[in-house]
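Q: Sharing a sequence plus its predicted fold:
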Amino acid sequence: MEVTATLIKDLRERTGAGMADCKKALVEVSGDMDKAIDYLRTKGLAKAAKKAGREATEGAVVSYIHGGGRIGVLVEINCETDFVARNEDFQAFTRDVSLQIAAMGPQFVHSDEVGEDVIAKERAVLLAKALESGKTETVVQKMVDGQILKWKKEICLLDQPFVKNPDKTINDLQQTLIAKIGENIKIRRFVRFELGEGLDKKKNDFAAEVAQQAGLA
């Protein structure tokens, strides 16, 4: 893959590393963004990674209500200082995350939160479907492994493509903000309520409506 100026700029925004270091990292890994980030981390050049272990106990609890009370979101996002909690970039990030949760309905913040029992239940369903294909057990297991990875990305907030820009994930946005602001930022927890959820009634596609009203569809 060609190492373009756009790739270098994107890597810089996501890690806070210097332009020359970003270019070198991308060249070393043939333009693979994830590998370039890992490369910078191993070299101690990714500023965002250095901040990941720092305490983040300030921040904000943000609410988002859609459709006259049909969908409601509460999300807690932490930073290190009250000063940053009042920063416009931080506040814009909290709004974007709230919109993401309303539109896409994630179940967890990150994949580490997905319990083994939840994964086992989903695997059993996928395995039963895959076995109907008549493929060998080895092929079926590989199919299910891939489907599980895809499923976890769909239900985990940080791994979801951002509704305003599907080329970036929520984690990408978070890492870019960390590099820009210079503080650790963490999405700690969230809750999403949808009117009529769990009741035996016809439901509209609220997620599609959220995206449409936000000008995303």
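A: Everything's here; your move.
Q: low pLDDT regions in this protein?
A: Residues of the chain that meet the criterion pLDDT under 70 lie in 1, 43-53, 200-217.
Q: The spatially most central residue of the chain: what's it in contact with?
A: Central residue of the chain (Cα atoms, centre = their mean): residue 158, 1.9 Å from the mean position. Residues near residue 158 by Cβ atoms under 8 Å, 6 or more residues apart in numbering: 109, 110, 111, 169, 170, 171, 174, 187. (C-beta placed from N, C-alpha, C; glycine too.)
Q: What residues sit buried inside the top helix by length along the chain?
A: When the chain is parsed with DSSP state H, its longest helix is helix 137-155. Across helix 137-155, burial judged by 16 or more other Cβ atoms under 10 Å covers 140, 143, 144, 147, 148, 151, 152, 155.
Q: mind listing what the very next helix or strand once past that helix pairs with, with the direction of each?
A: For helix 137-155, the succeeding helix or strand toward the C-terminus, using DSSP states H and E, is strand 161-162. Paired neighbours of strand 161-162 in the sheet (DSSP bridges): strand 165-169 (antiparallel).
Q: For the strand it pairs with, buried residues please.
A: Applying 16+ other Cβ under 10 Å to strand 165-169 flags 168, 169 as buried.
Q: what residues does it touch?
A: If you take Cβ under 8 Å, 6+ apart as the criterion, strand 165-169 is touched by 158, 159, 160, 161, 162.
Q: Apart from its chain neighbours, what residue comes closest to the last one?
A: Looking back up the chat, that one is residue 162. Using Cβ to Cβ, 6 or more residues apart in numbering and skipping the chain neighbours, the partner closest in space to residue 162 is residue 168 (5.0 Å).
Q: Distance of the one you found relative to residue 88?
A: According to Cβ to Cβ, to the nearest Å, residue 168 and residue 88 sit 19 Å apart.
Q: repeat for residue 123
A: In terms of Cβ to Cβ, residue 123 sits 43 Å off from residue 88.
Q: re the thing from before, the longest helix of the chain packs against which elements?
A: Where contact means 3 or more Cβ pairs under 8 Å, 6 or more residues apart in numbering; DSSP states H and E, helix 137-155 is packed against helix 116-131.
Q: Give the buried residues for the helix it packs on.
A: Those would be 122, 123, 126, 127, 130, for helix 116-131 by 16+ other Cβ under 10 Å.
Q: Okay, now stretch 24-42: how far is its last residue from its first?
A: End-to-end distance of stretch 24-42 (Cα to Cα, to the nearest Å): 13 Å.
Q: Number of residues surrounding residue 63?
A: By other Cβ atoms under 10 Å, the residues close to residue 63 number 10.
Q: Helix or strand: which one has it?
A: strand 58-66.
Q: what's the spacing between the next helix or strand after that strand and its chain's center?
A: Using DSSP H and E, the helix or strand that directly follows strand 58-66 along the chain is strand 71-79. Put simply, strand 71-79 sits 14 Å off its chain's centre (Cα atoms, centre = their mean, to the nearest Å).
Q: State the distance from residue 104 to residue 3.
A: Counting by Cβ to Cβ, the gap from residue 104 to residue 3 is 32 Å.
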